[in-house]
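> Predicted model and sequence follow; I will ask about them next.
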Amino acid sequence: MSSETSTPYTPASASTTVAGNETVTLADEIKKYDTAKLIEYLQGQENLGLNEPAIKILENEEVNGLDFFDLTEEKLERHGMKMGPATRLVKFAKECKDKKLRAFSTYRSLKEVLAEYNLVSEGTEVIPLFTPQIHEIPDENKHLELCMADIKLRLKSYGTLVITSLESMRNEYVSTILHTALRIAEDATNKKFSMRPEYEIIGDESSGRVDYAIKESDELICITEDKVQQKLTEGFAQNIKQLESSFQTNKRKQKRDEDYFDYLYGVVTSARDWHFLLYSPGEILQASKAPFSIEFVEEALVENSEEYKTLRKGVKKVLGIIIGLLEDRACVEDKSDRKRARIEGYRSKK
């Protein structure tokens with residue numbers, strides 16, 4: 001269920017609770033939709049079976065999310081809708097008022113989330129591994145140079161990034177890394193990527209805003225959760241639920257296909273430490289049991305110092321992984337069997 005509507009050293013939660021509550025109703029979320037988003041959402045509800053004439057009536061009458069809950073069968077039939085779809089829409093609107101969605105930010109127990117994948121642990125060590133593609137970045141890459149210059153400007157202002165650094169400071173490093181990865185990935189693939197901070201996603205059971213959503217065309221392909229180091233396991237739990245909901249969002253936009261299969265990538269980061277997840281229905285994998293780290297230390301301001309070399313090496317490694325994930329997900333053939341084969345290949349290499 002989709003709706004459109006970001007945050008630095010440490011994995012830190014910038015996850016936003018929905019209206020500050022543990023749960024909201026599905027109706028509360030749908031009320032935010034404009035006409036186009038409402039129609040897209042309704043078309044993704046297979047049980048409604050809406051045909052083109054029914055959709056056209058909603059479109060012509062400019063029915064948005066707020067209007068949807070004031071519809072009656074009489075109103076719809078007056079504008080030419082058949083009794084069947086009119087009845088189903090009104091019944092569905094009532095069901096939406098009763099349907100509760102849990103906020104992403106309320107998932108604090110990784111053990112609870114992993115149990116849904118038949119993994120028993122309170123930590124991340126039991127999550128199986130996958131082997132990510134890594135994009136090799138030439139040292140002279142212009143985007144890499146701009147990224148390093150931007151990082152040095154921040155280091156000069158903020159000093160060494162430590163566990164107590166403000167979330168806003170960490171966010172600036174995360175944003176710089178992600179934007180750089182998108183630009184290099186665009187050059188490598190000739191595809192257009194976009195990044196949406198504080199992007200709202202509505203799943204079948206959960207909803208909320210994710211720190212950063214990366215899209216290729218209109219499809220979600222990567223979700224980033226920013227978490228403080230002390231709350232790393234919360235970051236994993238929330239990112240997994242965000243990926244589940246993103247998968248459901250993508251699925252709704254597809255033509256009905258009983259064999260539909262897809263996968264997405266997740267990132268849990270503190271700016272310093274970076275963890276990468278691969279989600280497919282019923283399965284969660286991680287790129288490494290240990291984090292990939294970037295050492296943001298003030299001593300790195302000295303060009304060609306060991307600290308600068310370590311910083312640059314860490315940045316290149318993390319960028320290479322993110323770019324590799326984007327390239328893989330954006331360029332895979334849009335067929336379920338090919339995507340399954342791709343995931344199986346990653347498993348076999350671990």
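Structure received.
> Low-confidence regions, the chain specifically.
Along the chain, the model assigns pLDDT under 70 to residues 1-21, 255-259, 334, 348-350.
> how about the strands in the protein?
Along the chain, the segments classed as strands by DSSP state E run 23-25, 100-103, 193-202, 206-216, 219-226, 264-269, 273-280, 283-286, 292-293.
> nearest to Tyr117, of these?
strand 283-286 (5.4 Å; Cβ to Cβ). (C-beta placed from N, C-alpha, C; glycine too.)
> which residues touch the closest one?
Residues from elsewhere that reach strand 283-286, judged by Cβ atoms under 8 Å, 6 or more residues apart in numbering: 114, 117, 119, 124, 127-130, 240, 243, 275-279, 343, 346-347, 350.
> Emit the PyMOL select command for whichever of those are buried.
Only the buried members of those enter the following PyMOL selection, criterion being 16 or more other Cβ atoms under 10 Å:
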select buried, resi 114+117+119+124+127+130+240+243+275+276+277+278+279+343+346
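> domain assignment for the protein?
Structurally, the chain divides into domains by automatic domain parsing as follows: 23-103, 107-349.
> Among the ones you listed, show me which one is buried the most.
With neighbours taken as mean count of other Cβ atoms under 10 Å, those reach their highest mean count in domain 107-349, at a mean of 18.
> from the chain's centre, how far out does it sit?
In terms of Cα atoms, centre = their mean, to the nearest Å, the centre of domain 107-349 is found 9 Å from the chain centre.
> My guess is Phe236 contacts Val126. True?
No: applying Cβ atoms under 8 Å as the test, Phe236 and Val126 come out as separate, 11.1 Å apart.
> what are the ranges of the helices in the stretch 101-250 of the chain?
For the stretch 101-250 of the chain, the helices defined by DSSP state H, counting those that start in this stretch occupy 110-115, 142-158, 167-189, 232-252.
> Save these as a markdown table, and put in distance to Leu66 too.
Formatted as a markdown table, the helices of the stretch 101-250 of the chain follow (distance: least, Cβ to Cβ, whole Å):
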| stretch | distance to Leu66 |
| --- | --- |
| helix 110-115 | 33 |
| helix 142-158 | 42 |
| helix 167-189 | 33 |
| helix 232-252 | 20 |
